[in-house]
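*Asks:* fold the following, please.
(2 chains)
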Amino acid sequence: DSGVTQTPKHLITATGQRVTLRCSPRSGDLSVYWYQQSLDQGLQFLIQYYNGEERAKGNILERFSAQQFPDLHSELNLSSLELGDSALYFCASSVTGTSQRTDTQYFGPGTRLTVL
Amino acid sequence: QQQVKQSPQSLIVQKGGISIINCAYENTAFDYFPWYQQFPGKGPALLIAIRPDVSEKKEGRFTISFNKSAKQFSLHIMDSQPGDSATYFCAAIQTGANNLFFGTGTRLTVIP
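*Replies:* Take a look at the predicted model:
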């Protein structure tokens, strides 16, 4: 168990809908990362938050957004869902995520999103 | 563009054998190379990692070999066990950057 929790475990929804995925980082970790894992694209970095502020953006669609709250949990919001958004979404956390060092990223169990 | 290329896509090894997974990268700014192990229904878990100032790192049955000039690194699993059956991902990151670049994964099956 990595100490990173994600809810829900599974999510089934229809095209055009909006969903919210939730992540709680390990105790003491300030950075949260979101990754998408799909069969054709593999594991791709979406976005990082550090202590409530956006730190880095990867291949995140404009229909997707995220935020990190004062208690450090994070939410990934996916809107106007398309069939191609079906994937596993992982949250990871690390101690800092600053430019001074490379911290180990610990991954949660993921949320499987199915868009019908 | 795939920043980290991984092969093979799948691997079947007999119990007790050696499993070898290879990765290659282009970006010479990468300076930290972790390997993650993922079981079905679980998130990736850090297995072992290496920095390019050493050519090899060993932890138990798992060894990373690193060839900086060739920009290649590999994972060797000695005495492979059925419990090692999982998907393995190599990754790379540059200190100061924030995102891991993952390989496409290798599904390892160790048969008894």
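*Asks:* pLDDT below threshold where in the chain?
*Replies:* Since you didn't name a chain, this refers to chain A. Within chain A, the ranges that satisfy pLDDT under 70 run A:97-102.
*Asks:* not what I meant, chain B
*Replies:* Checking chain B against pLDDT under 70 turns up B:1.
*Asks:* residues from it in reach of chain A?
*Replies:* Listed as neighbours of chain A in chain B under the rule C-beta under 8 Å from any C-beta of the partner chain: B:31-32, B:34, B:36, B:41-46, B:49, B:89, B:93, B:95-105. Any C-beta I mention is one placed from the backbone N, CA and C, and that applies to glycine too.
*Asks:* distance of residue B:109 from residue A:55?
*Replies:* Distance, residue B:109 to residue A:55, using C-beta to C-beta, to the nearest Å: 38 Å.
*Asks:* ends of stretch A:36-52, how far apart?
*Replies:* 21 Å (C-alpha to C-alpha, to the nearest Å).
*Asks:* ugh, wrong one, I meant stretch B:32-43
*Replies:* One end of stretch B:32-43 to the other measures 20 Å (C-alpha to C-alpha).
*Asks:* pull the contacting residues for the nearest residue to residue B:36 once chain neighbours are set aside.
*Replies:* Using C-beta to C-beta, 6 or more residues apart in numbering or on different chains and skipping residues adjacent in sequence, the residue nearest residue B:36 is residue B:44, 3.7 Å away. By C-beta atoms under 8 Å, 6 or more residues apart in numbering or on different chains, residue B:44 lies in contact with A:43, A:90, A:107, B:36-38, B:89.
*Asks:* partners of the residue nearest to residue B:97 when sequence neighbours are not counted in the sheet?
*Replies:* In this structure, residue B:97 finds its nearest non-sequential neighbour in residue A:56, 7.4 Å apart by C-beta to C-beta, 6+ apart. Under DSSP bridges, the beta-bridge partners of residue A:56 are residue A:48.
*Asks:* for the one 10 residues further on, same thing?
*Replies:* Applying DSSP bridges to residue A:66 gives these bridge partners: residue A:76.
*Asks:* measure it to residue A:78 for me?
*Replies:* For residue A:66 relative to residue A:78 (C-beta to C-beta), the value is 10 Å.
*Asks:* what helix or strand is the one residue sitting closest to the centre of chain A on?
*Replies:* Central residue of chain A (C-alpha atoms, centre = their mean): residue A:34, 2.8 Å from the mean position. Assessed by DSSP states H and E, residue A:34 sits inside strand A:31-38.
*Asks:* is chain B contacted by that strand?
*Replies:* Yes. Residues of strand A:31-38 contacting chain B under C-beta under 8 Å from any C-beta: A:31, A:33, A:35.
*Asks:* tell me what that strand is packed against?
*Replies:* strand A:42-50, strand A:74-78, strand A:87-94 (3 or more C-beta pairs under 8 Å, 6 or more residues apart in numbering or on different chains; DSSP states H and E).
*Asks:* just to revisit the earlier point, look up how far residue A:106 lies from the residue nearest to the centre of chain A.
*Replies:* Taking C-beta to C-beta, one finds residue A:34 at 14 Å from residue A:106.
*Asks:* secondary structure class for residue B:66?
*Replies:* strand (DSSP: H, G, I helix; E, B strand; the rest coil).
*Asks:* my read: it touches residue B:35, true?
*Replies:* No. Counting by C-beta atoms under 8 Å, residue B:66 sits too far from residue B:35 to count as a contact (11.4 Å).
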